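Novice: fold the stuff below for me.
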Amino acid sequence: MARAKSYLPAGGQALTPDITINDGAAAKAIDFYKKVFGAKEVSRAPSPDGKLIMHAHLQIGNSSLFLADNIPDPAGNISTARPAGVVLNVYVEDADAVFERAVKAGAESVMPLADMFWGDRYGHIRDPFGHVWAIATHKEDVSPEEAQRRSAEFFAAAAR
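Specialist: Coordinates of the predicted model:
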């Protein structure tokens, strides 16, 4: 895969809300946001069994919205299992430096940084006020097909 040209994904913004949908209703939420807000679906990553959505990227006007079904974490290291709510997804030039700075300033490491199958260096912190932040640096441009292949490998390894 090609090395990323920017710490932001192509067409991305520095701060992106990332919402979790309970009861396996992410697909219905996407349809609702399309109908109500004219959202355009940029991408969708289904769970390995195809029943849930692990990640979707919508474009509403000039802004992005990430969303996913509330999926229990099979590997114990991805913080997707959470009450319906918001994760503030922030792209920065150096995720490691920002993550370390956040923890030193009193944030809790919820999901340690890791190079993820979709091409980002990515992790979660909970700030001292209870808000969860996903800190990311885009490292690699990954095709949808390659991301799907890597996703399948990741979840197969996590299930062992």
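
Novice: rest of the way, CA atoms for contacts and neighbours
Specialist: Will do.

Novice: now stretch 47-62, how far from the centre of its chain.
Specialist: Its chain's C-alpha centre and that of stretch 47-62 lie 10 Å apart, by C-alpha atoms, centre = their mean, to the nearest Å.

Novice: I meant stretch 46-65, not that one.
Specialist: Average the C-alpha atoms of stretch 46-65, do the same for its chain, and the two points are 9 Å apart (C-alpha atoms, centre = their mean).

Novice: just the terminal-to-terminal distance for that stretch.
Specialist: Separation of the first and last residues of stretch 46-65 by C-alpha to C-alpha, to the nearest Å is 17 Å.

Novice: now that stretch: buried residues?
Specialist: 46-48, 52-59, 64-65 (16 or more other C-alpha atoms under 10 Å).

Novice: what's the answer for stretch 27-34, then?
Specialist: Neighbour-count burial for stretch 27-34, with 16+ other C-alpha under 10 Å as criterion, is recorded at 27, 30, 31, 33, 34.

Novice: state the mean pLDDT of stretch 11-27.
Specialist: In this model, stretch 11-27 has an average pLDDT of 85.

Novice: make TSV out of the buried residues of stretch 27-34 and add distance to residue 15 and secondary structure.
Specialist: Putting the buried residues of stretch 27-34 into TSV (distance: C-alpha to C-alpha, whole Å; DSSP: H, G, I helix; E, B strand; the rest coil) gives the following:
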residue	distance to residue 15	secondary structure
27	23	helix
30	20	helix
31	23	helix
33	19	helix
34	21	helix
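
Novice: among the buried residues of stretch 46-65, which ones are in helices?
Specialist: Among the buried residues of stretch 46-65, none falls in helices (DSSP state H).
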